[in-house]
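Please work out how this folds:
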Amino acid sequence: MTVSAIERRRHVRQAMNISVTCCHLEQSTDTTCFCLGEISDASMGGVRVQVNSDINLIVGNKLVLLVTPKEDNHTPNHEFPGEIKGEVVWQNPQQRSFGLKFLL
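Numbers count the residues shown, from 1 in each chain. All right, here's what the predicted structure looks like:
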């Protein structure tokens, strides 16, 4: 990680392994799901999502992550919301990952 990436971070990241279904959040609050993945790390400001298929997102896309409860998570399921809404702030198609800033 470069010094500039560290300096831009406002919050400490915590490694995770939370399964999610990634969906586009439409204007009418309907969702269109497009892939499965997992939250690989999270902070107070957002999450990094690793997906299992190719992605083509645009910075600014609004998404909702539907959390899939998993028995092997080391954190009780009640500590996570059923869905996480956010805005794409970066993507890396080669690594099949993207960053999502939380929306309230």
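
Only the buried residues of stretch 94-104, if you could.
Arg96, Ser97, Phe98, Gly99, Leu100 (16 or more other CB atoms under 10 Å). (Glycine included, C-beta is placed from N, CA and C.)

Columns distance to Gly46 on top of those residues, output as a markdown table?
Below are the buried residues of stretch 94-104 laid out as a markdown table (distance: CB to CB, whole Å):
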| residue | distance to Gly46 |
| --- | --- |
| Arg96 | 17 |
| Ser97 | 13 |
| Phe98 | 10 |
| Gly99 | 6 |
| Leu100 | 5 |
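
Which residue ranges of this structure form strands?
For the chain, the strands defined by DSSP state E occupy 14-25, 31-42, 46-51, 62-67, 83-92, 97-102.

tell me the most buried of those strands?
Mean neighbour count (mean count of other CB atoms under 10 Å) peaks for strand 46-51 among the strands of the chain, with a mean of 21.

still on that earlier bit, just send the strands of the chain back as JSON lines, with mean pLDDT too.
Supplementary listing: these in JSON lines, determined by pLDDT from 0 to 100:
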{"stretch": "strand 14-25", "mean pLDDT": "91"}
{"stretch": "strand 31-42", "mean pLDDT": "90"}
{"stretch": "strand 46-51", "mean pLDDT": "96"}
{"stretch": "strand 62-67", "mean pLDDT": "93"}
{"stretch": "strand 83-92", "mean pLDDT": "95"}
{"stretch": "strand 97-102", "mean pLDDT": "96"}
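
Touching, Trp90 and Phe98? I think so.
Yes - using CB atoms under 8 Å, Trp90 makes contact with Phe98 at a distance of 6.5 Å.

which residues does Lys85 contact?
Counting by CB atoms under 8 Å, 6 or more residues apart in numbering, Lys85 touches Leu25, Lys62, Leu63, Val64, Leu65, Phe102, Leu103.
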